[in-house]
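Peer 1: Pasted the sequence and its predicted model underneath.
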Amino acid sequence: MIDRRALIGSAMFGAGVLAFAPAISFAAAPTDRRFVFIIQRGAADGLAMVAPIGDPAFAGARGALAEVDSGARLDATFSLHPALAETARLYAAGEALFGHALASSYRDRSHFDGQNILETGGRDAYVEKTGWMNRLAAMLPGGEGNALAIARAVPMALRGPVEVASYAPSALPGASEDLLMRVGALYEGDARLHALWQSAMQTRLLASDLSREKGRAGQMTGALAARLMAPADGARLVMIETGGWDTHSGQKGRLAQQLGGLDAMIAALKAGLGQAWTNTMILVATEFGRTVAVNGTGGTDHGTGAAAMLLGGAVRGGRVLADWPGLRAGALYEGRDLRPTLQLESFVAGALASHYGLDSARMTGSLYPTIAGLKPTDGLARA
Amino acid sequence: MESAIALNRFGLGARPDDAQPAQPRAWLKDQLRRFEPRPATLADIPTRAEIASVYADHIEELRVRNTLKLQSRSMDASGMAPKPGEQKPPPQYALQAARRQHVAEIGARMGTALVSQAPFAERLVHFWANHFAISADRLTAIGLSGMLEFEAIRPNLLGSFGDMLLAVERHPAMLIYLDQAQSIGAMSTLGSRAAARGGRKLGLNENLAREILELHTLGVRTGYRQQDVTELARALTGWTVAGLTRGPGPREADLIGEPGAFVFADRLHEPGPRTILGRQYPQEGEAQARAVLQDLAVHPATALHVATKLARHFVADDPPASLVDRLAAAFTASRGDLPTLYAALIDAPESWAPDAGKFKTPWDWGVSALRATGATTADGRMVVAMMQQLGQPVWQPGSPAGWEDVAASWMGPDALLRCVEAAQRLVQRVGDADPRSLAARILPGTLSPSTAQVIAQADSPAQGLALLLVSPEFLRR
């Protein structure tokens, strides 16, 4: 039940807020392909989501956090977190694929820098001024480029010259989201307050919790996104923000709640999209992974190699894509993190090229123009 | 522009019904004549007798409980269970009563600030209350915290610094908060008797003496030594409170007086002359510490300390040295005459620098926000909750040093977000005044076009008002 709606154009700071709109309307789309990017802000733990239980070093390195053997077995090496039950069913149906030991070109461990690179597709943080999803929208014909953020403000990945709508479900906290955005506008010209406010908003985002109300928020957001995407003239490129993945302490319980919320969101998307699910691809990705070792507070700290998911009827799934580097002490990146062996940008560009039937070199050049040597992964979507 | 500075930098912010001061400096100086130490808004605060009786009850309760505990222990030893009627009651009654008094005092403080015709003078009251801070962390300080401001600071706002200093240090709130009330000279009548008995050692407590030197007068690292602290503590022995003190010393001293009244107990006082900062104090009894305080009140280090804090409070976190010098010179020349000091602040050109250099403190933001909405009264519980949310609960800075008067200590990302949330909550109780015209009246001459535009585009009058209250111009002064 959505009790308040606010549709906000990306040009809001200049032009004020668009009037209430009961439905989002776009020109009819020539094809049915849909793409959803669910960003996991805060560095989700890939080693817990897709656990390498077949790696002999895993149980020893992870201790209490390694006890996830009740989850679905994916292959000889990997098992899915038990909270991802619906995702496991998609895997069994060949509609879920997991990429593992992957990372963007970013190698430090700052959330905000890492997310900026994940979203802009740049080689360095804060250099690229537009997001790769906005550049993707520019590449797509007609209605396929209709983009929407399920968020309070257009996130970086969707910012750029192509007009993007954003829709904030009021199920997410507070009735004051609109006020918070206007306050942001109020501080645009004030360096000190602007910096304080940006920091406050970023912290708030990281703290926002997918697990709230036992996954109900995830389910509602997924259902809302599906409702906006399902109509023939609905949105085709959608980004959903999730927070609460920065599990430095008490990871076991918190991550189970988080993943339960994510799983409910994915299930709601599938249910809400109906027939359109066949032509849908969902990417779930985070800015970087977490340490292999468990820290002193039952959590994990900022790491490097992570896991990503591709889900949907359009995905050639039922497999885990990983050039597994192993978790032996000598195999770890900087002696502590899962060593990345798959470039996230290659994975994303390859997935989108095959999803849209576009030339993969052209896709790579548009989405990641400043990153050299990318080799887009082939065959991720059903042609 | 200068009228805006008078209203905001010196004052508590404009009210919608306020006329702009035509002659800002004269308007400020006139407030010193108009200031009411005991305005009608403070008529209903709890009296000292009411507060004292709560403490007296509390102390009696503790005493009875201690006695019962001792009895029950001895009964346990003899194998008898304590009688059911002797189970100790929780000390909730006194705490709840003290909190009610505290809330009433905070509501009265806000109500006074909202309607005052002398907002600059009220700012000075708040400044001095923070300078002579006590913190309502313990039951013994909760109800009394406001009384220090109402009884020691307000009546002396326009006197000399020495008058205010003496009133503060003699006030029961300070004597209890900084443990002076229990301090006993080792060679005093009671101290030497206890030593002769060989019982529990009764002795000196240096807490108040140290804070007088470090916080109230000279300032930290200004050259006084431990010996000066100890000597001042000895001089202060005997300064205590009737009826409200715990411990064997004051009880045996047969203090005579209304509960809560200052008393000098000669039987606690360390006899003999004292030497402090190289000066001899041969006085006997109560007059000795009084003479020390008089000297401290006009010491050059005190002048510099007070001048720096006043400049920092009103003008800039890092105030210009020229302004500090000017204020210190006025303080010294007048031997701490406070109206002279305030006039020097008003007359200093540095005070009128056009750039707003200070963020309002949480309290000042709360007061000015309520004033901007036209509020004339405030529910104490609401004020307590708001100040808790904004991070600086009234009269509860957590230490005798008070709240630090620089923005870095309160203005962070989370604090800014809380401020926005507080503004949103606050405007929900306000009517539909047009925020566009209100903004021009509340921020005369300083409202920027971009802020005016954001306010004008708000989706409701209430939202526009909230935006006004958190605008850069409103947050600063």
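Peer 2: Good, I have the coordinates.
Peer 1: model confidence over the strand or helix carrying B:Ser437, on average?
Peer 2: For B:Ser437, the enclosing helix or strand under DSSP states H and E is helix B:435-442. Helix B:435-442 shows a mean pLDDT of 90.
Peer 1: And stretch B:158-176, by the same measure?
Peer 2: 97.
Peer 1: any idea how far the nearest residue to B:Thr275 once chain neighbours are set aside is from chain A?
Peer 2: The shortest distance from B:Thr275 to any non-neighbouring residue, by CB to CB, 6 or more residues apart in numbering or on different chains, is to B:Glu231 (5.9 Å). The C-beta positions use only the backbone N, C-alpha and C, and glycine is treated the same way. Taking CB to the nearest CB, to the nearest Å as the measure, B:Glu231 and chain A are separated by 47 Å.
Peer 1: quick one: secondary structure of B:Glu231?
Peer 2: helix (DSSP: H, G, I helix; E, B strand; the rest coil).
Peer 1: ok, it to B:Leu213 distance?
Peer 2: Counting by CB to CB, to the nearest Å, the gap between B:Glu231 and B:Leu213 amounts to 11 Å.
Peer 1: which of these two has more neighbours?
Peer 2: B:Leu213 (26 against 21; other CB atoms under 10 Å in any protein chain shown).
Peer 1: Could I get the contacting residues of the more buried one?
Peer 2: B:224, B:228-229, B:232, B:296 (CB atoms under 8 Å, 6 or more residues apart in numbering or on different chains).
Peer 1: CA atoms of the helix holding B:Ser437 as CSV?
Peer 2: C-alpha atoms of helix B:435-442 as CSV (Å, rounded to 0.1, in the frame of the first residue of the first chain):
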residue,chain,number,x,y,z
PRO,B,435,6.4,31.9,4.4
ARG,B,436,7.5,34.3,1.6
SER,B,437,6.6,37.5,3.4
LEU,B,438,7.6,35.9,6.8
ALA,B,439,11.1,35.2,5.4
ALA,B,440,11.6,38.9,4.5
ARG,B,441,10.5,40.0,8.0
ILE,B,442,12.5,37.4,9.9
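Peer 1: Lowest-scoring secondary structure element of chain A by mean pLDDT?
Peer 2: Lowest by mean pLDDT, DSSP states H and E among the helices and strands of chain A is helix A:12-15, with a mean of 26.
Peer 1: B:Thr275 in helix, strand or coil?
Peer 2: Going by three-state DSSP: B:Thr275 is strand.
Peer 1: can I assume it is in contact with B:Pro282?
Peer 2: No: using CB atoms under 8 Å, B:Thr275 makes no contact with B:Pro282, being 10.0 Å away.
Peer 1: Excluding sequence neighbours, find me the nearest residue to B:Gly402.
Peer 2: B:Ala133 is the one closest to B:Gly402 (CB to CB, 6+ apart), at 3.4 Å.
Peer 1: What is the neighbour count of that neighbour?
Peer 2: B:Ala133 has 23 nearby residues by other CB under 10 Å.
Peer 1: how about low-confidence regions in the chain?
Peer 2: Just going to use chain A. A:1-31, A:68-69, A:112, A:152-153, A:168-178, A:203-215 (pLDDT under 70).
Peer 1: please go with chain B instead
Peer 2: B:69-92, B:199-201, B:245-254, B:429, B:431-432.
Peer 1: what residue lies at the spatial centre of it?
Peer 2: B:Ala129 (2.6 Å; CA atoms, centre = their mean).
Peer 1: Now do the strands in the stretch 251-383 of chain A.
Peer 2: Under the criterion DSSP state E, counting those that start in this stretch, the stretch 251-383 of chain A contains strands at A:280-286, A:306-311, A:319-321, A:342-343.
Peer 1: Please disregard the earlier target; I meant chain B.
Peer 2: Using DSSP state E, the strands found in chain B span residues B:239-241, B:262-264, B:274-276, B:279-281.
Peer 1: got it, and the stretch 1-150 of chain A?
Peer 2: A:7-9, A:34-40, A:50-51, A:79-80, A:96-103, A:147-150.
Peer 1: which one of the ones you listed lies closest to chain B?
Peer 2: strand A:7-9 (11.3 Å; CB to the nearest CB).
Peer 1: Next, count neighbours for the residue of chain B found nearest chain A.
Peer 2: Nearest residue of chain B to chain A, counting by CB to the nearest CB: B:Pro413, 3.6 Å away. As a burial measure, B:Pro413 scores 17 neighbours (other CB under 10 Å).
Peer 1: Just send the strands of chain B back as JSON lines, with mean neighbour count too.
Peer 2: Putting those into JSON lines (neighbours: other CB atoms under 10 Å in any protein chain shown) gives the following:
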{"stretch": "strand B:239-241", "mean neighbour count": "26"}
{"stretch": "strand B:262-264", "mean neighbour count": "20"}
{"stretch": "strand B:274-276", "mean neighbour count": "19"}
{"stretch": "strand B:279-281", "mean neighbour count": "14"}
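Peer 1: Is it possible to get a markdown table of those that adds distance to B:Asp347?
Peer 2: As requested, the strands of chain B are exported to a markdown table (distance: least, CB to CB, whole Å):
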| stretch | distance to B:Asp347 |
| --- | --- |
| strand B:239-241 | 38 |
| strand B:262-264 | 37 |
| strand B:274-276 | 35 |
| strand B:279-281 | 34 |
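Peer 1: Which helix in the chain has the most residues?
Peer 2: Answering for chain A, as no chain was given. Selection of the longest helix in chain A by residue count, based on DSSP state H, yields helix A:251-273.
Peer 1: was after chain B, sorry
Peer 2: Chain B, longest helix under DSSP H: helix B:48-77.
Peer 1: What parts of the stretch 51-200 of chain A come near chain B?
Peer 2: A:176, A:178-180, A:182-183, A:185-190, A:193, A:196-197, A:199-200 (CB under 8 Å from any CB of the partner chain).
Peer 1: I'd like to know which of these are buried.
Peer 2: A:176, A:178-180, A:182-183, A:185-187, A:190, A:193, A:196-197, A:199-200 (16 or more other CB atoms under 10 Å in any protein chain shown).
Peer 1: And for stretch B:447-456, what's in contact with it?
Peer 2: So stretch B:447-456 is contacted by A:182, A:185-186, A:188-189, B:435-436, B:439-440, B:464, B:467-468, B:471-473 (CB under 8 Å, 6+ apart).
Peer 1: That stretch: which residues count as buried?
Peer 2: Buried-residue list, stretch B:447-456, by 16+ other CB under 10 Å: B:447, B:450-452, B:454-455.
Peer 1: And that stretch, how far out from the chain middle?
Peer 2: Distance, stretch centre to chain centre, for stretch B:447-456: 36 Å (CA atoms, centre = their mean, to the nearest Å).
Peer 1: For chain A, just list every one of the helices.
Peer 2: A:12-15, A:46-49, A:58-62, A:85-92, A:111-120, A:132-139, A:177-186, A:191-207, A:216-229, A:251-273, A:344-356, A:360-367.
Peer 1: Which of those helices has the highest mean neighbour count?
Peer 2: Across the helices of chain A, averaging neighbours per residue (mean count of other CB atoms under 10 Å in any protein chain shown) puts helix A:46-49 on top, at a mean of 28.
Peer 1: Pull that helix out as CSV, backbone CA atoms only.
Peer 2: Extracted C-alpha coordinates of helix A:46-49, given in CSV (Å, rounded to 0.1, in the frame of the first residue of the first chain):
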residue,chain,number,x,y,z
GLY,A,46,29.8,-12.0,-1.7
LEU,A,47,31.4,-14.8,0.3
ALA,A,48,28.2,-15.1,2.4
MET,A,49,25.7,-14.6,-0.5
